[in-house]
Every structure is written in C-alpha cells, then in structure tokens.
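1. Below are the sequence and a predicted model for it; my questions follow.
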Amino acid sequence: AADKINLIPQDLFAELCEQVIQQLNHKIPGVNTAELCQRMQTSGIEINIGDLAKIANILSFLFSTAARNNLSAEEIVTTLGSAVSMLPKHALQVIRHVWNEQGKSIAVSEDARNMATVGQFVDMKWKLGVAMSSDTCRSLKYPYVTVTLTMADPSGQITDKSFEMTIPQFKNFFRQFKEMASVLETV
C-alpha cells in the first residue's frame, strides 16, 4: 500500500484522510472511493479502486486504533515512521495534520464498538423502462422498474447495487415498504 500512497498527491491524500475521519464520526456513510479514484485517474495517477479501498481501510484502522488508544499525532507519526519506513514523508505530514485538526472528534463509545458491522443505505434511484423488442421477440412492450441502491459497506466503501423488477415484483416491493412504514409509525 505504501507504494500506492506514494502516487497520491498530498491534497487528494488529505481529502481521503478527512473522508475517513468523517466516516468514523458518522458524518458521512462512507468514503467515496469511486469518485476519488476517478479524480485521481483523471489527473494521471495510475491507481485502481481496489487499491484505494485498501488504503481507506488502512487509514480507518489507523485512526480508529489511535482514537481507542488516545494517541497524539506525534505518537502516531513516530509509530508509523518506525514501523513503515516506506511511507512517504508527505503522507506522514498529512496524517499528523488531519489528526491534529480532526482526530479528537472521533467518538469511540462502547455502543459504537459493539455495534454490528452492517452496511448503511445512502441513496436510491429508480427509473421506469419499457423493453420494446429483443433479438428473439419482435414486439415485447414489457414494462420494468430499474432500482439502484447506493450503499456504504462496514468499511465505508460506497457501492451501487442495481436490479430490475417486473411491475408485479415492484408492486410487492412497494407493499413491503408500506408495511415497514406502518410498523415504524407505531414505534
């Protein structure tokens, strides 16, 4: 990971660190590695989303461990400097700066530590479509609903999950959501 961190410019690495801190503080559901990766690739950096997700996970582990152990920025940098001599100097400077500015805000309550690690819903988009024809059928005229769910997994990586439903499937889906809403109103 250190060789990939070396490729990331200081400003984008700082943004990644800040997003990790925000995610740990539950201010954002996850680190938008897809968008950051696209910006890095657009600026000529050869990195893939998997490598960026690994770096985000490493930073998340680093910051959460530092918060749990109440470490200062100097203690983090000293430990990282001796343990990971390959880590670029600009990365250590960014980690020190971000931790000094925002590190103390990480809430490490017992409840948060014991909470189940499940994904988090971020957004939902849908569209109605009609399949007009296919290579095996000239006249389909078959309506369908495409749903895209944006989710943040427990590590904070944001991903989209898309699926299509027939109209009867969608009506069942909608009925289940109405049931959930009515149960929530009784709480």
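-> Now that the structure is in, tell me what you want to look at. Numbering: from 1, shown residues only.
2. rest of the way, CA atoms for contacts and neighbours
-> Fine.
3. list the contacts for the spatially most central residue of the chain?
-> Here the mean C-alpha position of the chain is nearest to the C-alpha of residue 157 (C-alpha atoms, centre = their mean), at a distance of 2.6 Å. By C-alpha atoms under 8 Å, 6 or more residues apart in numbering, the contact set of residue 157 is 30-33, 53.
4. got the residue ranges for the helices in the chain?
-> Secondary structure of the chain (DSSP state H): helices located at 2-7, 10-24, 33-42, 49-68, 73-83, 89-102, 110-114, 167-186.
5. and of these, who's closest to residue 131?
-> Residue 131 sits nearest to helix 167-186 of all the helices of the chain, at 12.5 Å, using C-alpha to C-alpha.
6. what about the closest one, distance to the chain center?
-> Relative to the centre of its chain, helix 167-186 is centred 27 Å away, using C-alpha atoms, centre = their mean, to the nearest Å.
7. how near is residue 144 to residue 128?
-> With the distance defined as C-alpha to C-alpha, to the nearest Å, residue 144 ends up 6 Å from residue 128.
8. neighbour-wise, which of those two wins?
-> residue 144 (18 against 12; other C-alpha atoms under 10 Å).
9. residues near residue 138, how many?
-> Around residue 138 sit 9 other residues, with neighbours defined as other C-alpha under 10 Å.
10. Next: the one 10 residues further on.
-> When counting by other C-alpha under 10 Å, one arrives at 16 neighbours for residue 148.
11. Just want to check the distance between the closest residue to it other than its chain neighbours and residue 150.
-> Nearest-residue entry for residue 148: residue 162, 4.2 Å, with adjacent residues in sequence omitted and distances by C-alpha to C-alpha, 6 or more residues apart in numbering. Here the distance between residue 162 and residue 150 works out to 9 Å (C-alpha to C-alpha).
12. Give me the more crowded residue out of those two.
-> With other C-alpha under 10 Å as the criterion, residue 162 and residue 150 differ in neighbour count, and residue 150 comes out ahead with 17 against 13.
13. Let me see the contact set for that one.
-> With contacts defined as C-alpha under 8 Å, 6+ apart, the neighbours of residue 150 are 121-124, 158-161.
14. so what's it closest to, chain neighbours aside?
-> Leaving out its chain neighbours, residue 150 is closest to residue 160 (C-alpha to C-alpha, 6+ apart), at 4.4 Å.
15. The one you found against residue 149, yeah?
-> Yes: taking contact to mean C-alpha atoms under 8 Å, the distance of 5.6 Å between residue 160 and residue 149 places them in contact.
16. Neighbour count: the two, which is higher?
-> residue 149 (16 against 13).
17. how close does the nearest residue to the more buried one once chain neighbours are set aside get to residue 103?
-> Computed as C-alpha to C-alpha, 6+ apart, the closest residue to residue 149 that is not its neighbour in sequence is residue 124, at 4.6 Å. Look at residue 124 and residue 103: by C-alpha to C-alpha, they are 31 Å apart.
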